[in-house]
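> After the sequence you'll find the predicted model.
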Amino acid sequence: MERRGSSGSQLLSCLLTLVLLQQPAHVSGDASEIFLAPLGGTAELPCPLMLWPETVIKEVKWQRPSHPHSQAVHVFRDGKDRDEDLMPQYKGRTALVRDAQEESFTLHIRNVRLEDRGPYRCQVRVGNRSREGTVTLQVAVLGSDPYIHVKGYDAGWIQLVCQSMGWFPKPWAEWRDPKGRVLL
């Protein structure tokens, strides 16, 4: 019995050591978040990396990993925003907001376009170490005006159809009578 407990303890110790060695000294993160912004509005994409208090950040770079030339969307280096090597379609539309209390960075994209949707990678450099995390931007688009028409008559029943296209996210609709009761 003691032997099993001892080897279990050693195994747990090894696993904890491996986990700690996998983590960088100053940052950790989660890369599975999706954010929604209205077409023409402002997107707010928080960097999914958590930083330790009083960490000296060398660089924060936002990129579009799905684009072939991995150009930057926004670069903050040595305490200043940098314009070199930015994707032309993002110049003048981005800002990096730092929340010193939370030790976090949020990328703001103004005048959101449909082509802005997709993944964004936040890369943070602290000293010689670098970590990155990914978030996804979805752009909310208003679809066409609803078009309601009579599809048919059957045994005294009228079948109405409501059509509208191009919505994101998909809307939810229900039919109600004049007293507010839900109809099938």
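That came through fine. Residues are numbered from 1 along each chain as shown.
> right, and R64 touches V73 too?
Yes - the pair R64 / V73 is scored as a contact, 6.1 Å apart, by CB atoms under 8 Å. Glycine gets a C-beta too; all of them are placed from N, C-alpha and C.
> Which helix or strand contains Q123?
Under the criterion of DSSP states H and E, Q123 resides in strand 118-126.
> Show me what the very next helix or strand once past that strand pairs with in its sheet, parallel or antiparallel.
Once strand 118-126 ends, the next helix or strand along the chain (criterion: DSSP H and E) is strand 129-140. Sheet pairing for strand 129-140, assigned by DSSP bridges, gives strand 33-38 (parallel), strand 118-126 (antiparallel).
> Which helix or strand contains L45?
Counting by DSSP H and E, L45 is found in strand 43-46.
> Buried residues in that strand, which are they?
43, 45-46 (16 or more other CB atoms under 10 Å).
> Using JSON lines, please lay out the residues you listed together with pLDDT and distance to Q123.
Conversion of the buried residues of strand 43-46 to JSON lines gives the following (pLDDT from 0 to 100; distance: CB to CB, whole Å):
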{"residue": "A43", "pLDDT": "96", "distance to Q123": "18"}
{"residue": "L45", "pLDDT": "96", "distance to Q123": "13"}
{"residue": "P46", "pLDDT": "94", "distance to Q123": "14"}
